[in-house]
Structures are given as C-alpha cells and as structure tokens.
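# make a model of this:
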Amino acid sequence: RLQRHICIRDRYMGISKSEMNKLIPMVNKLQEMFTYADLPFDVPLPQIVVVGAQSAGKSSVLESIVGKDFLPRGAGIVTRTPIILQLHREVTSRIALEDEKEVASTSSDRAIFAHKPEVVFTDFEEVRREIEARTDIIAGDKKGIAKQPIILKIYSAALLDLTLVDLPGLTKVPIGTQEKDIDKIIRELVLEYIRPLNTVILAVSPANVDLANSDSLHLAREVDPKGERTVGVITKLDLMDKGTDCVEALKGKLYPLKLGYVGVVCRAQQDILAKKSLQDALKSEALFFERSPIYASIKHVSGIQFLSSRLNKILIKHIKDCLPALKQAIDTQIQLRKDELKAYGIDILDEEAKNAPNNSLLFLLSNYSKYYQKSIQGDSLKDATSEYHIGARVNILFHEVYVKQLLELSPFDELTDEDIRTAILNAKALKPSLFIPEGAFESLIRLQIARLLDPSLMCALQVHNELRRCALHSDIVELQRYDKLQSKISEIMGELLQSCLEPTEKAIKDLIDIEIGYINVNHPDVLTGTTAILAMMSNPEKPMSKEQKEDFSKNGKSKPVVESKDKTDAKKPKEQKKTITVSSVDPRIELEVLNDDSGKKKKIKNHFSKGVNVFLPAMPDSIRAEGIPTSREELEVDIIKKLMKSYFSVVVTRVADMVPKIIMTFLVNKSYFECHDTLISKTFLEKNLKQLMEENPAIRDKREACHKKLTILQESQRTFTELRNAEAQLTPLLIKEFILMTTTK
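So this is what the prediction gives:
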C-alpha cells in the first residue's frame, strides 16, 4: 500500500514517468526552435540557469551531472557565451516490472550541436574543441562576451532529462584585452537570463566563502527576493578548514531558499591534472558523505546524483506550473505557422502538376489577371489604408499633376514682345497692312500649342510606368514561389504595356498635330480681333492714347508719342541738324536738305563731275525688332497677346480633357481587357511548361522548415494536453487513496 501511495504521489507531482519523459525534451525542442528560428515567443521557456563566480566550481558541477569532460578550462573567463545543455536520457529498450520500475539498456553516448545538426560527436574532447572554436566565432578571440548561445544536445542512458544554461562566471576585474566594464557586461547578461519568472536559478557558491559574500546568491536575490525559484549548490565541502562546516547553510538556516540547498564534492584541480575520471569522482564523493561524521546525516540529500534527480523534478514541476501560459503561447504560434504554411502553399509539382500541370498554370495566370484588374478598378482592399493603389495613383497623375501643369502654362513663356513684333513684321512682308495680319497670330499660337506635346507624352509614359510597377509587384503569394513563371509573366506584361503605349503616344501626337494643323478662330469661346480691340479701348487700366487710335486707323508710318516736360522746352531753339533722306536709289536725282534754322527745304542737284555721292549702309545678316516700340507696335502686340491667351486657353482645356481619355482608352483599358488572354496565349506557347513551374528552392526550404516547426508545436500541444488530462484523472485517485490511508491508520 505504501508503494502504491508513493506511486500515486509521484504521479501527482509529475504525472507519470512516460509522460514526464516527454515534457523536458519537448521544451528543449521549443527552445532550440525559437532560439535559431528567431520566432517571437511571449512566454519565456522554463529552464535552469547556472550562476556563479569564477572558480566557484560551475564547470565541475555541470561535468559531473553530464558525466563527461567537455567544457573548456583555463585561466580567466573561459565561458564567454551562454551554453544551453540539453540532456536527453536515451533508452533503447524498456522492460516493465511488477513494481513499475524500468531497466534501460545503454547506447553510445553522443553530442550534437544545433549549429551543426548533421555532425555527431562521440569524442567529447572534440566537443570541447568545437565549443572553443564556436566561442571564438561568436565572441571573438579577445576574451569578449556575446549573447548568442551555443546549444549542445547530449544523449546518454546515464542521464536524466534536463536543461541547463551555463553562463559566464561573475568577475570584477578585467584581464588582458577585455573590456573595462566586463563586470557590468556579464552582470547584465546573467540578469537577462534569470529575470524571467519561468527560470529556475541554480546559484553555485563555494563552501570556503561565506554565503553572505556569495555573488551568485546576491544576484539571485535581486530577481527572486523571496527565494522561491532559486536552488543553492555549495561546492568544495572537502576543502573547508578543519573545525568548520556548512551543515547550517545546507539546511537553509543561514539564507533560506524554498527549493533548498545541495552540497556536492567535485574534482579538485589536482584531480583533473591527474586525469581522475568522473565516475571515480562520484565514488569518492559518495565515500566522503558516508565517512564524514558531519555530513552523514544529510548524505541522502547530497551529492551530484541527488542534485541531478532534484533538478529533474524541479524542472518538470516548473514546466507543469507554466503550462497554461505556455500552452496559450504555443497555440498562438501554431496559428501563425499555419498561416505561414498556407502562404507558401503546397508543392504543385509534387501533387498537382504531375496530373494536370496546365490546370495549375491556368489557375495562377487567372489569379494574376484578377489581381491586375482589381488593382486598376480599386476592388483590392488589402492595405487599403497604408498607401494609394494603382487606380488612385493614375487618377492623381491625371488631375493633380498633368492637368494642373497644363493650366499653369502661359502662352507667353519663352516669348517676348520683340518676338511678337518680329513675327508681325514678317507676316506683313512687302505689303503694308491696315490691320494685324492673321499669319502672325497663327505662327505664334502654333509654337505655343506645340509645347503641349512633351508634358502629354510624359503623362502617358508615367501611367505606363505605374501599370508596369503594378504588374511587377504582385501580392499573389502562390506566384512568388515560381521565379521563372514570375519572370515570364513580367516579360509578357511588359510587352503588352509597351504595345499599348505606342498607339497611345501616336494618338497624343495626332491630337497636337490636329490642333496645330487648323487654327479655328471661329470657336465660340475664342476672342475675336474686333472684340479684342474694343476691350482694349474700354480697358480703364490701360486706355489707348489719342495717337494710338489715330495711328491704328492710318496706313503709314507711326510716330512715337513724345511729351514735353514743360512748356519752356518747346520754346527753346533747336540745335541745327542736317538730315539727308534718300528718295531714290538713283544718285542723279535731286537731294533734299533740311535746314533746321529756317525750316525751308533746298534742293541740291547731284552733279557727277563734282564728286558729291551718297552711299547706303550695308544690311546686317540678321535683323529683328529691337528698341522702343512705336505706339502702333505696342497696340499690335497687346492685341496679339489677348488673342493668343484666349485661344491657348481653349486649346489647353481641350487637350487636358482629351489626353487622359486617350491614355485610358489605348493604354489602361486595353491592357485591362487583354491581360488575361495575352498571358494565357503567350505562356502556353512555351515548349517546357514544367520549367516555368519549378519552385523557388528558398521557398521550398522555408515551407519545409515551417512544416517542421509546426510539427514540433503540435506535438508540444498534444503533450501538454495529455499532461493536463492525466492530472485531471489522477487527482480524484489521489484523494481516494489519501482517505483510504487515513482510515486505515
């Protein structure tokens, strides 16, 4: 009955042995997965973290628990990165006995590093060298400290399932090339590991140092002030001075801990140099406690073997206490991994393409066409609040960029009054005109209309680029798995959009040519010449002068308007000037000489014999209107400007309306309607469709890794569910057994 009660009690503490054996390895898998996969995990995984000062005996304790020499040794800081030891009890066969004990047949001990999962180490000297090499890679070769852990899995039939984290030893003085604040760096690293509530702290202290001065206990007390999750380990009991002992400390009377203390005796440095095996060291430890009159009374709760068993039970109970939060976090991760796996999709080549590759390809092309069309229509609601999609971007380009730019154009940009005067005189040519020649207006307005071509073509090109950007950056997850198919679709869409751009540009050029080809001054919105003159005459801001009105009605030379500053200036005698005007190109004709004094003209005959000759100046190569314009020229320029402004405004309005329509018809709508058929017709012309359907190796590897993670998470979920169900079944049994034993007594 007592044995049965003990069995039920053990089951209540840790459920059942077979189920307990699943618990720690499952957490180990989760720990490895979250460490190397960089997955977010809100709940820290339960683990035992070993904390101690340098030379406190941390490495000796860990090697004694494992039963192997594998940790680096030397002077100063040897452990410079966290080392996560995942100990697995490996059993190849089990024989169940009546007393529910199990006999395990041993197998070869081996070690596997998480960063080298394909390499199996059976020589633990090589394990030591690999730890040293990996430490140099992570933390450098200058005794630096790094946070990235080394995960080492050790399999042996002599082990209990356990997870231990070995951290750098606490120190106070930097050595050699170490950072000056090495003590702070190590302290922050240790606190980062022992701060989570799911962590059990294994505080190692040497027996020859007063517990009040223990660095490990002092640091543990900062994060666990009540001592609820700290296990004390006191080493070097055999090295204490005669007449002193640690019995009071081991019993928790000096510094109480809820999980208690365990005293151990490990190999001394001399034993290590003498190559004393760990098995012999365990025997020596057992003899020490048996023969010691001081520690004999607590020998059953002392030693490495008891420490291993104690830590195993503590870790299992700790995991059990964390199950609700741990299960909730795992459920969240399972859903995330399912969504990720769904995004990667199934391997079409392995499942669907073998039977119907064309159907799979057609499915992907149809999805792409729907994506492209929905993007243009604005039906895609994905990330609708983050940024503008293609339809909105084109709309903004039309109305807020292109039309705005056209309306801001001036018909007189890069056109001066001298240019207009030159054009007017060129239009008059040899014939003097009563009115402004229409040729001057038409030649000037054609030049300004031609300026509308470049921004219109640029608008079409930018819409083309927007459509191409949409075509290249599809958010179809299934398509991202196939690089070759994606490249082929991009190539086809590029050709389709280019074929649509060419007629679009031609239609825009034709539109501008139409506007240039026929200047319709009879348009109802265009200002007529008569209206322009009347408007100028009635303009209060710039009224026509009397001379301008007279000059405009005459056919002849216009005179500049000269106003005297005062009346006395008119009475001043004018300086004598002689002006010779040539009335004919024939030098034999009489010349007129104007005498300014008398105001009378005298005629002088040109006699060849007397050598009086008049020569015309040579004409320059280029002549254009310059200088101060006459009143008539000012009037003509103003009228031309009014007419140009009126007509240019009508043309700009018409072009700003027609160009977006052209772009929508020949580019956007055409690509929208021809996308699906073009993709299918050109893609299926490929000789080897299987090459197009070859999956990206990176995506395939990600899917396999995601599937593996999901499997581990689901196994953990099942294990935790089984543990919870088993506990629910065992609780009534324990109560019944307790009542039965009480009644029997």
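
# residue nearest the centroid of this structure?
For the chain, the residue nearest the mean C-alpha position is S386 (14.3 Å; C-alpha atoms, centre = their mean).

# in which helix or strand does that one reside?
Here S386 is covered by no helix or strand, with elements defined by DSSP states H and E.

# got a pLDDT number for it?
pLDDT recorded at S386 is 70.

# can you pull the phi and psi angles for it?
S386 adopts backbone torsions of phi -80, psi -40, taken as degrees, to the nearest 10.

# mind listing the strands for the chain?
Counting by DSSP state E, the chain has strands at residues 47-52, 83-89, 94-96, 102-104, 110-113, 116-121, 150-156, 162-166, 199-206, 230-235, 261-263, 580-581, 591-594, 601-604.

# now do the contacts for the closest residue to R73 other than its chain neighbours.
Take R73 and drop its neighbours on the chain: the residue closest to it by C-beta to C-beta, 6 or more residues apart in numbering is S59, 6.7 Å away. To be clear about C-beta, it is placed using only N, CA and C from the backbone, and glycine gets the same treatment. Neighbour list for S59: 71, 73, 78-79, 166 [criterion: C-beta atoms under 8 Å, 6 or more residues apart in numbering].

# give me the neighbour count for R624.
R624 is flanked by 11 other residues according to other C-beta atoms under 10 Å.

# quickly note the distance from it to F412.
Remark: distance between R624 and F412 (C-beta to C-beta, to the nearest Å) = 17 Å.

# how about A471?
The gap separating A471 from F412 is 42 Å, by C-beta to C-beta.

# what would the contacts of S59 look like in TSV with distance to H707, neighbour count and pLDDT?
Formatted as TSV, the contacts of S59 follow (distance: C-beta to C-beta, whole Å; neighbours: other C-beta atoms under 10 Å; pLDDT from 0 to 100):
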residue	distance to H707	neighbour count	pLDDT
L71	35	22	88
R73	41	13	78
V78	39	17	80
T79	35	23	85
D166	32	24	92
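
# ok, back up a step: okay, the residue nearest to R73: pLDDT?
S59 carries a pLDDT value of 86.

# and if you look at S545?
pLDDT for S545: 54.

# phi and psi next, for D241.
Here is the backbone geometry of D241 (degrees, to the nearest 10): phi -70, psi 150.

# report how many residues lie close to the nearest residue to it once chain neighbours are set aside.
Excluding its sequence neighbours, the residue lying closest to D241 (C-beta to C-beta, 6+ apart) is N208, at 7.5 Å. For N208, the count of nearby residues is 14 (other C-beta under 10 Å).

# then P697?
P697, neighbours per other C-beta under 10 Å, totals 9.

# hey, what's the residue nearest to I112 when sequence neighbours are not counted bridged with?
Using C-beta to C-beta, 6+ apart and skipping the chain neighbours, the partner closest in space to I112 is K153 (4.8 Å). Counting by DSSP bridges, K153 forms beta bridges with Q86, I112.

# how about V247: what's its closest non-neighbour residue?
I294 (6.0 Å).

# the one you found touches G243, doesn't it?
No: I294 lies out of contact with G243 (C-beta atoms under 8 Å); the separation is 10.5 Å.

# number of nearby residues for the residue nearest to V247?
I294 has 13 neighbouring residues, counting by other C-beta under 10 Å.

# gap between it and S64?
Distance, I294 to S64, using C-beta to C-beta: 21 Å.

# go on, P293?
Using C-beta to C-beta, P293 is found at 24 Å from S64.

# tell me which of these two has more neighbours.
Using other C-beta under 10 Å, the more surrounded residue of P293 and S64 is S64, with 24 against 7.
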